[in-house]
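Asks: Sharing a sequence plus its predicted fold:
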Amino acid sequence: MLIVREVEPHGTGNRLRLLPGDRILEVNGSPVRDEIDFQFYGAEEQVRLRVLREGRVVELAGRRRFGEPWGLVFEPMKYRSCGNRCIFCFVDQNPPGLRPSLYFKDEDYRLSFLHGNYVTLTNLSQADLRRIIEQRLSPLYVSVHATDPQVRASLLGLRRDDRLLAKLEALVEGYIELHAQIVVVPGYNDGAVLLRTLDDLWRLAPGVASVAVVPVGLTRHRKNLPPLRPVDSALAAELVRTLEPRAQEYRRRCGKYWVYLADELYLLAGLSVPAADRYDGFPQVENGVGLLRRFLDQFEAEKSDYPSQLPRPASVAILTGRLVAPVLRERVLPALQRVEGLQVELRQVRNRFFGDSVTVSGLLVGQDLAAEAHRLGQPPDVLLIPESTLNPDGLFLDDWTLPQLEQEVGTKVLAMAHSFLPLFERLAGGSASGRRRAKATQTPKREADSVAHGRPSDTDA
């Protein structure tokens, strides 16, 4: 059943006299398990509800006007947890003492549909498959890792073949669009195993619309976990050499590159990230694929709008992850340093919290950012950090808050998303023209990241 938390004054729910606390049992004769069911079965013009209210069943009926919102806020869904024992699961590599939500392993296809979370589909039943196809819950994002049953079982800690390819085939035949990811774990699913996985998925194209190849994320907190090797520069270079020609062949055959490599792989290999057209509209940008290219293109497009000088001298320090720092130093820093009156310093932050092997910016925590800021000596006027280090509630992974970081370092901290224009607006005193220009160049928060994206394997940390 679905529990109503709030009823807004304008909407179908209020006209049908739904009340907070009502438990919706059925819509138009179909049982309701969650909000997705409610929206799907409640899309008709005539609506009939069976509601449990204070211990008795009440039936409500009425007409829903075209385009009228329901005006209902529901209690949050209870999500399915993951029963896999992935040898590289990022949740298992979290240190103790963090907030409880960081230890919850979700494995819920509804989160994949609603928010783009990657799921392995290991707990997907036949009833789930039928529901996904009936309700057109598309697209879905699938952690494949390997299509060889034995390799996949060893990676995910499964006792038997979970028949992934049969599930993918059923979804594709049901016109569900799929986006896949392969987290490369050296010695397990690279080499010939990786090529077989791509061949198996290619046979399901265009239903499998894209495949991301990303490196495994390993922290220093792996006590009692299987020993694993990170993707080093040699393997990253090999992956680029092997997969780029394949991507060119896919493009020749279907009009798009189809397989996309994480930004980290190019940087580890000592290469520049490709041009924007290599990403075919960035279908895997939420997975850290193409974020750096988006940022660099945004930077190139807006840098002519930077002021030639500031109204008063100001100092700024940019803190970022070790992997992307050289790119920013080469491509971004010179343009900022040309602004008269701006003293800018770029500092790469060592990740002591998760360990030196974690070099992406999105996994930096408050205490490590504070430690690097203290090494600056005199606090700058503004400290810039990647917005990707904060969750929607404004928390770092170590539970620090932005105000706590500001208090610790003794200066203003800006979480930068995609643009330096808000920084110049602040330094210039927030002029109207600056506000208009900043607004025009910003993109939605979840679409891009200013420096890099931390991708904790199968979890959305």
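Replies: Good, I have the coordinates.
Asks: Show me the helices in the stretch 51-200 of the chain, by range?
Replies: Secondary structure of the stretch 51-200 of the chain by DSSP state H, counting those that start in this stretch: the helices cover 109-115, 126-134, 149-156, 164-173, 191-202.
Asks: quick one: the helix or strand that comes right after the last one to chain centroid distance?
Replies: It stands for helix 191-202. On the C-terminal side of helix 191-202, the closest following helix or strand by DSSP states H and E is strand 208-215. For strand 208-215, the separation from the chain centroid amounts to 14 Å (computed by CA atoms, centre = their mean, to the nearest Å).
Asks: again, but for stretch 384-395
Replies: 13 Å.
Asks: now swap in stretch 156-170 and tell me
Replies: The answer for stretch 156-170 is 24 Å, by CA atoms, centre = their mean.
Asks: Number the chain from 57, please
Replies: Got it, the first residue is 57 from now on, which makes the last one we talked about stretch 212-226.
Asks: dump the residue contacts of residue 93.
Replies: Residues counted as contacts of residue 93 (CB atoms under 8 Å, 6 or more residues apart in numbering) are 58, 83, 86-87, 191. Every C-beta, even on glycine, is put in place using the N, C-alpha and C of the backbone.
Asks: Quick check on those residues: which are buried?
Replies: 58, 83 (16 or more other CB atoms under 10 Å).
Asks: need the contacts of residue 93 in CSV with pLDDT and secondary structure, can you?
Replies: Converted to CSV, the contacts of residue 93 look like this (pLDDT from 0 to 100; DSSP: H, G, I helix; E, B strand; the rest coil):
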residue, pLDDT, secondary structure
58, 94, strand
83, 96, strand
86, 95, strand
87, 95, strand
191, 96, coil
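Asks: before we move on, back to that, and of the helices of the stretch 107-256 of the chain, who's closest to residue 472?
Replies: Closest approach to residue 472 among those (CB to CB): helix 165-171, 23.2 Å.
Asks: Which secondary structure elements does the helix or strand where residue 373 lies sit against?
Replies: Using DSSP H and E, residue 373 maps to strand 365-377. Packed against strand 365-377 by the contact rule (3 or more CB pairs under 8 Å, 6 or more residues apart in numbering; DSSP states H and E) you find strand 396-405, helix 422-430, strand 438-442, helix 477-483.
Asks: Break the protein into its domains for me.
Replies: Following automatic domain parsing, one finds the domains of the chain at 58-130, 147-345, 353-503.
Asks: Least confident of these, on average?
Replies: Of all the domains of the chain, the minimum mean pLDDT falls on domain 353-503 (a mean of 86).
Asks: How about the contacts made by residue 174?
Replies: Residues in contact with residue 174 (CB under 8 Å, 6+ apart) are 168, 197-199, 237, 343, 514.
Asks: all helices for the stretch 307-456 of the chain, in order.
Replies: 319-324, 347-358, 381-387, 389-393, 422-430.
Asks: who's in contact with the third one?
Replies: If I follow you right, that is helix 381-387. 323, 348, 352, 355, 374, 376, 402-404, 507.
Asks: could I get these as CSV with distance to residue 110 and neighbour count?
Replies: As requested, the contacts of helix 381-387 are arranged in CSV below (distance: CB to CB, whole Å; neighbours: other CB atoms under 10 Å):
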residue, distance to residue 110, neighbour count
323, 59, 21
348, 55, 27
352, 58, 18
355, 58, 19
374, 57, 27
376, 55, 28
402, 61, 18
403, 60, 16
404, 59, 18
507, 53, 29
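Asks: Widest-spaced pair of those?
Replies: Greatest spatial distance among the contacts of helix 381-387 (CB to CB): 352 and 403, at 19.6 Å.
Asks: Can you tell me what sits against stretch 214-222?
Replies: Here stretch 214-222 makes contact (CB under 8 Å, 6+ apart) with 140, 176-178, 200, 203, 205, 208-209, 212, 256.
Asks: Adding distance to residue 160, write those out as TSV.
Replies: Output for the contacts of stretch 214-222, formatted as TSV (distance: CB to CB, whole Å):
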residue	distance to residue 160
140	14
176	16
177	19
178	17
200	23
203	28
205	28
208	23
209	24
212	18
256	31
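Asks: Now the buried members of the residues you listed.
Replies: Buried members of the contacts of stretch 214-222, counted by 16+ other CB under 10 Å: 140, 176-178, 200, 203, 208-209, 212, 256.
Asks: quick check, nearest of those to residue 271?
Replies: Lowest distance from residue 271 to those (CB to CB) belongs to residue 200, with 15.4 Å.
Asks: what about residue 150, distance to residue 175?
Replies: To residue 175, residue 150 is 20 Å away according to CB to CB, to the nearest Å.
Asks: okay, those two: which has more neighbours?
Replies: Set residue 150 next to residue 175 and count neighbours by other CB atoms under 10 Å: residue 175 wins out with 22 against 19.
Asks: That one is in contact with residue 166, isn't it?
Replies: No - between residue 175 and residue 166 there is no contact under CB atoms under 8 Å: 9.3 Å.
Asks: on that earlier part again, okay, angle between the strand holding residue 373 and strand 438-442 too, please.
Replies: Using axes from the mean of the first three to the mean of the last three CA atoms, to 10 degrees, the direction of strand 365-377 lies 40 degrees away from that of strand 438-442.
Asks: can you state the direction angle for strand 365-377 and strand 396-405?
Replies: For strand 365-377 against strand 396-405, the angle by the same axes, to 10 degrees is 0 degrees.
Asks: List the buried residues in strand 365-377.
Replies: Neighbour count says strand 365-377 has 366, 370-377 buried, by 16+ other CB under 10 Å.
Asks: Please apply the same query to stretch 100-118.
Replies: Neighbour-count burial for stretch 100-118 [16+ other CB under 10 Å]: 103-107, 116.
Asks: quick one: which of these is nearest to residue 308?
Replies: Distance to residue 308 across the buried residues of stretch 100-118 (CB to CB) is lowest for residue 103, with 50.3 Å.
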